[in-house]
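Student: pasting a predicted model and its sequence here:
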Amino acid sequence: MELCEQGLVARAETQLPALASLSQHQCVVVLDEIVEPHLNVVASSVPTVVLTRDGSIPAAVAYIKQGAADYLPLPLDTAQILAAIERATTNPLIIQRPQLADFPMIGSSPAMRQLKANIAKAGPTDSTVLIFGQSGTGKELVARALHAASARATAPLISINCATIPHNLIETELFGLEQFESGAQTHRGLIESAEGGTLFLDEVAELPPAAQARLLRVLKGENRRVGSSATEPANVRIIAATHRNLSELTDQGQFRQDLFYRLNVVSFEIVPLHQRKEDVHEIALWLLERTSKRLNKTGLSFSEEALQVLVEYHWPGNVRELENALERAVILADNNSEITQTLLAIQPLAKPAATPLDAPADPDQTSLEDYFVRFVTDNQDNFTETELAEKLGISRKSLWERRQRLNIPRRRTRKRGPRRDSSGT
């Protein structure tokens, strides 16, 4: 490599490992044979001018799409190189690289300290990461932190919740759709949209078998659109998450064993909030400050009673439920006042009294959550999700969210209930 006044020129003998240091410079000029196929990684960190012997228009378009600031066909003189460097370094578009600090992991418990250390170690790699944790624990936040700590930080991070996409559409959504002779439009999948970056697959256990098989090819660096016989290179890092036990699902034949092994290169487990009580105060104070600023409230603090209840509460919805409780309290609170237990609208779990095993259940003591769990588990084999939601008087989206929060997995095969005709009978 050779430094010039404005930037750095990489000669043909430059080795790829040395490219990691290029981000320290204002601009780099490289031969295409050096950065291929790593141009998007280099260009995401520093303005890059590519020199190539291929002077075709398709090649120029390909390099610009991968992030090159300029493209110069050989042969050329020094003046042309210096002019290209000047254009690249005076471009008003400045790449803002997200930092790991932008995604704070609040908490000082041993579990959180270990999680932060693991993110710092695994983030800079391209290894696949599998995140386990209950709904609301912050699995997507961990994925974003991993992306921010990687060399792909300025490339796209695409997130998808696999449980929210119908099974007959998820392959097209992920892998794309090739144009058919019938005139259907070509569809660009999320794998292609995340090229050079990271794809976060939340609730990966909900992927149908066909999509699981296609995902295996992506993990091997290839993507094939639905309806196409050709494969294209796929340069994307996969981070997956689930609240279910993938090992058990593998043993039951509900999840591909080879895919599980490929996803489980590095695995993190996010401990539920009720198991790290020492973090509750810290998270609550941080959320109170952030929420107060967002809602233009000033001088808010917690009462001693509220702080005690925050610790004693079991938080079935984890950090997401804590955030919602605090937002509700901040909205209802007056400026320069205390957040009370009444504003939080939560009650700590009372210790159950000893009850004889043969004692009948008291219906007056049955909570709404207990009723929801019993109703869904008793009836999910006989009704569709839409019918279950109608019976409960809630939307289908609310039904799915409550399933996640209360850890009631949706069974893959269910008997449909009686079909209703248009007259409603």
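Tutor: Good, I have the coordinates.
Student: where do the domain boundaries of the chain fall?
Tutor: 2-89, 100-271, 274-344, 363-406 (automatic domain parsing).
Student: could you dump these to JSON lines with mean pLDDT and mean neighbour count?
Tutor: Placement of C-beta: from N, CA and C, glycine included. Shown next, in JSON lines, are the domains of the chain (pLDDT from 0 to 100; neighbours: other CB atoms under 10 Å):
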{"stretch": "domain 2-89", "mean pLDDT": "63", "mean neighbour count": "17"}
{"stretch": "domain 100-271", "mean pLDDT": "89", "mean neighbour count": "18"}
{"stretch": "domain 274-344", "mean pLDDT": "92", "mean neighbour count": "16"}
{"stretch": "domain 363-406", "mean pLDDT": "73", "mean neighbour count": "14"}
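Student: give me the distance from stretch 214-230 to the chain's centre.
Tutor: Distance, stretch centre to chain centre, for stretch 214-230: 21 Å (CA atoms, centre = their mean, to the nearest Å).
Student: send the alpha carbons of it over as PDB?
Tutor: This file holds the C-alpha atoms of stretch 214-230, laid out as PDB (Å, rounded to 0.1, in the frame of the first residue of the first chain):
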ATOM      1  CA  ARG A 214     -33.900 -23.100   1.300                       C
ATOM      2  CA  LEU A 215     -32.400 -21.300   4.300                       C
ATOM      3  CA  LEU A 216     -29.800 -24.100   4.400                       C
ATOM      4  CA  ARG A 217     -28.600 -23.000   0.900                       C
ATOM      5  CA  VAL A 218     -28.400 -19.400   2.000                       C
ATOM      6  CA  LEU A 219     -26.100 -20.400   4.900                       C
ATOM      7  CA  LYS A 220     -23.900 -22.000   2.300                       C
ATOM      8  CA  GLY A 221     -23.700 -18.700   0.400                       C
ATOM      9  CA  GLU A 222     -26.300 -19.300  -2.300                       C
ATOM     10  CA  ASN A 223     -29.900 -18.100  -2.900                       C
ATOM     11  CA  ARG A 224     -32.400 -19.300  -5.400                       C
ATOM     12  CA  ARG A 225     -35.600 -17.400  -6.000                       C
ATOM     13  CA  VAL A 226     -38.900 -19.300  -6.000                       C
ATOM     14  CA  GLY A 227     -39.600 -20.400  -9.600                       C
ATOM     15  CA  SER A 228     -35.900 -20.000 -10.700                       C
ATOM     16  CA  SER A 229     -33.500 -22.800 -11.600                       C
ATOM     17  CA  ALA A 230     -30.400 -20.500 -11.200                       C
END
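Student: use 30 as the first number from now on
Tutor: Right, with 30 as the first residue, what we last looked at is stretch 243-259.
Student: got the contact list for Val265?
Tutor: Residues in contact with Val265 (CB atoms under 8 Å, 6 or more residues apart in numbering) are 220, 223-228, 247.
Student: can I assume Leu159 is in contact with Tyr290?
Tutor: No: here Leu159 does not reach Tyr290: they are 10.2 Å apart, not a contact under CB atoms under 8 Å.
Student: overlap of the contact sets of these two?
Tutor: With contacts defined as CB under 8 Å, 6+ apart, no residue is adjacent to both Leu159 and Tyr290.
Student: following the helix or strand where Arg243 lies, which helix or strand comes up?
Tutor: According to DSSP states H and E, Arg243 maps onto helix 238-248. Next helix or strand after helix 238-248 toward the C-terminus (DSSP H and E): strand 251-252.
Student: can you give the contact residues for the helix holding Arg243?
Tutor: 157, 196, 199-200, 203-204, 220, 230, 236, 252-253, 260, 263, 265, 267, 284-285, 287-288, 291-292.
Student: distance from that helix to the middle of the chain?
Tutor: 18 Å.
Student: ditto for stretch 278-287
Tutor: Stretch 278-287 has its C-alpha centroid displaced from the chain centroid by 23 Å (CA atoms, centre = their mean).
Student: you'd agree Leu80 is in a strand?
Tutor: Yes: applying DSSP: H, G, I helix; E, B strand; the rest coil, one finds Leu80 inside a strand.
Student: run through the bridge partners of it.
Tutor: Beta-bridge partners recorded for Leu80 (DSSP bridges): Leu60, Leu101.
Student: so it sits right up against Leu105, yeah?
Tutor: Yes: contact criterion CB under 8 Å: Leu80 and Leu105 qualify, at 7.5 Å.
Student: re the thing from before, so which of the contacts of helix 238-248 belong to strands?
Tutor: Judged by DSSP state E, the contacts of helix 238-248 include 230, 252, 267 as members of strands.
Student: pretty sure the first one is in contact with Ala223, am I right?
Tutor: No: when contacts are counted by CB under 8 Å, Leu230 is not listed as touching Ala223 (10.5 Å).
Student: ranges for the strands of this structure?
Tutor: With DSSP E as the criterion, the chain has strands at 31-32, 37-38, 57-60, 77-81, 99-102, 158-161, 186-190, 227-231, 251-252, 261-262, 266-271, 295-298, 330-331, 367-368.
Student: out of the ones you listed, nearest to Leu428?
Tutor: When the strands of the chain are compared by CB to CB, strand 186-190 sits nearest Leu428, at 14.7 Å.
Student: what sits up against the closest one?
Tutor: Counting by CB under 8 Å, 6+ apart, 169, 172-173, 176, 202-203, 219, 222-223, 226-232 sit against strand 186-190.
Student: isn't Leu275 right up against Tyr290?
Tutor: No: with contact defined as CB under 8 Å, Leu275 does not count as touching Tyr290 (10.2 Å).
Student: related to what we said a few turns ago, for Leu336, state which of the ones in strands among the contacts of helix 238-248 is nearest.
Tutor: Leu230 (37.3 Å).
Student: so what's the residue nearest to that closest one when sequence neighbours are not counted up against?
Tutor: Spatial nearest neighbour of Leu230, chain neighbours left out: Ala269 (4.4 Å); criterion: CB to CB, 6 or more residues apart in numbering. The neighbours of Ala269, taking CB under 8 Å, 6+ apart as the test, are 157-160, 229-231, 233, 292.
Student: redo that, cut-off 10 Å
Tutor: 157-161, 168, 172, 191, 228-234, 236, 244, 275, 288-289, 291-293, 296 (CB atoms under 10 Å, 6 or more residues apart in numbering).
Student: swap in Gln304?
Tutor: When contacts are counted by CB under 10 Å, 6+ apart, Gln304 is found next to 138, 140, 344.
Student: can you check Glu419 too?
Tutor: Per CB under 10 Å, 6+ apart, neighbours of Glu419: 412-413, 425, 428.
Student: next one: it from Ile437, what distance?
Tutor: 18 Å (CB to CB, to the nearest Å).
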